[in-house]
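1. quick one, structure for this:
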Amino acid sequence: MAYAGRRAGAPVRVYLPRSTPRAKAEKLERWGARIVFEGEVWDDANAAAQAAAEREGMTYVHPFADPAVMAG
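-> The predicted structure follows:
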């Protein structure tokens, strides 16, 4: 999503659990994503992402529920 957002000129916010390796978050930041650390596990970060999308009127993109998203 960070790469696609950069290519499209669209802002991307990625929610990650606090246990995510810093190198992974930094790579996403280099691609232009805004990183939000939330919770201890993926489910926590995902719930926060869904809540923010609903609250702020953003589009939520599930990272692995859609084959096209998984394929890049």
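2. alpha carbons only for contacts and neighbour counts from here, please
-> Will do.
3. ramachandran angles for residue 13?
-> Taking degrees, to the nearest 10, you get phi -120, psi 130 for the backbone angles of residue 13.
4. my bad, should have said residue 36
-> phi -120, psi 120.
5. for residue 9, see how far away residue 46 is.
-> Separation of residue 46 from residue 9 (CA to CA, to the nearest Å): 23 Å.
6. again, but for residue 29
-> Relative to residue 9, and taking CA to CA, residue 29 is found at 14 Å.
7. tell me which of those two has more neighbours.
-> Using other CA atoms under 10 Å, the more surrounded residue of residue 29 and residue 9 is residue 29, with 16 against 10.
8. buried residues in the helix or strand containing the more buried one, which are they?
-> Assigned by DSSP states H and E, residue 29 belongs to helix 22-30. Across helix 22-30, burial judged by 16 or more other CA atoms under 10 Å covers 25, 28, 29.
9. again with stretch 43-63
-> 44, 45, 46, 48, 49, 50, 52.
10. for the helix holding residue 29, packing partners?
-> On a contact count with 3 or more CA pairs under 8 Å, 6 or more residues apart in numbering; DSSP states H and E, helix 22-30 meets strand 34-37.
11. beyond the strand it packs on, next helix or strand please.
-> With DSSP H and E, the next secondary element past strand 34-37 is helix 42-56.
12. can you list the low-confidence ranges for the chain?
-> Scanning the chain for pLDDT under 70 picks out 66-72.
13. rerun at 80
-> 63-72 (pLDDT under 80).
14. chain neighbours aside, what residue packs nearest to the residue nearest to the spatial centre of the chain?
-> Most central in the chain under CA atoms, centre = their mean is residue 14, positioned 2.2 Å from the mean C-alpha point. Once flanking residues are discounted, residue 14 sits nearest to residue 35: 5.0 Å by CA to CA, 6 or more residues apart in numbering.
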